[in-house]
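A.B. asks: structure of the sequence below:
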Amino acid sequence: MAATGTGKKKKKIPPIDQEFLEKMENSLMALKAEIVDNLISSNEDFKEIMDGTEPKDLADIASDDTDRKMIEAIGAQELKRLKLIESAITRIKQGKYGHCIKCGKRIPQDRLIAIPYALMCIECKTEEERRNR
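C.D. replies: Down below sits the predicted model:
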């Protein structure tokens, strides 16, 4: 007997509108430029704190330390967003943008407009967040 397969047919998802893809790519590029500018600015702020005059008392030392930690945290968050944006731009070029990396379904355009670098549909993202609690 010959095997007949699983019997399930994958639904072919129509491609995303080219005009929408171009709009999203432009949006992602603008976000990328904004983040790079923020990182450069944060780096300059960090340098100013490091090059600042010698602190005079413990309050100044604590304040400078807090500023340093805040700038580092912001930088780490921005770098993470930058990587997600780069990934989204790559997915546009590969024709994979707008599809959930988990289930393969189309991510709603409203979600992509709100979060242009979204990797998952709302259902999969919600499920992931529930598991990570």
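A.B. asks: what's near enough to touch the closest residue to residue 16 other than its chain neighbours?
C.D. replies: Leaving aside its sequence neighbours, residue 16 sits nearest to residue 98 (Cβ to Cβ, 6 or more residues apart in numbering; 4.7 Å). Yep, even glycine has a C-beta here, placed from its N, CA and C like the rest. By Cβ atoms under 8 Å, 6 or more residues apart in numbering, the contact list for residue 98 reads 16, 21, 24, 91, 106, 107, 109, 112.
A.B. asks: got a pLDDT number for the last one?
C.D. replies: The predicted local confidence for residue 112 comes out at a pLDDT of 95.
A.B. asks: let me see the contact set for it.
C.D. replies: The contact partners of residue 112, by Cβ under 8 Å, 6+ apart, come to 24, 98, 118.
A.B. asks: so where do the helices sit in the chain?
C.D. replies: Listed in chain order, the helices of the chain (DSSP state H) span 18-51, 58-94, 109-114, 122-131.
A.B. asks: looking at the ones you listed, which is nearest to residue 102?
C.D. replies: helix 122-131 (4.1 Å; Cβ to Cβ).
A.B. asks: of all the contacts of residue 98, which two lie farthest apart?
C.D. replies: Distance extremes for the contacts of residue 98: the farthest pair is 91 and 109 at 15.1 Å, using Cβ to Cβ.
A.B. asks: OK, contacts around residue 84?
C.D. replies: Taking Cβ under 8 Å, 6+ apart as the contact definition, residue 84 lies against 117, 119.
A.B. asks: again, but for residue 121
C.D. replies: Contacts for residue 121 (Cβ under 8 Å, 6+ apart) come out as 100, 102, 103, 105, 106, 107, 108, 111.
A.B. asks: tell me the confidence at the residue lying closest to the third one once chain neighbours are set aside?
C.D. replies: Spelled out, that is residue 103. The spatial neighbour of residue 103 that comes closest, neighbours along the chain excluded (Cβ to Cβ, 6+ apart), is residue 124 at 5.5 Å. On pLDDT, residue 124 comes in at 95.
A.B. asks: how many neighbours does residue 124 have?
C.D. replies: Residue 124 has 17 neighbours, counted by other Cβ atoms under 10 Å.
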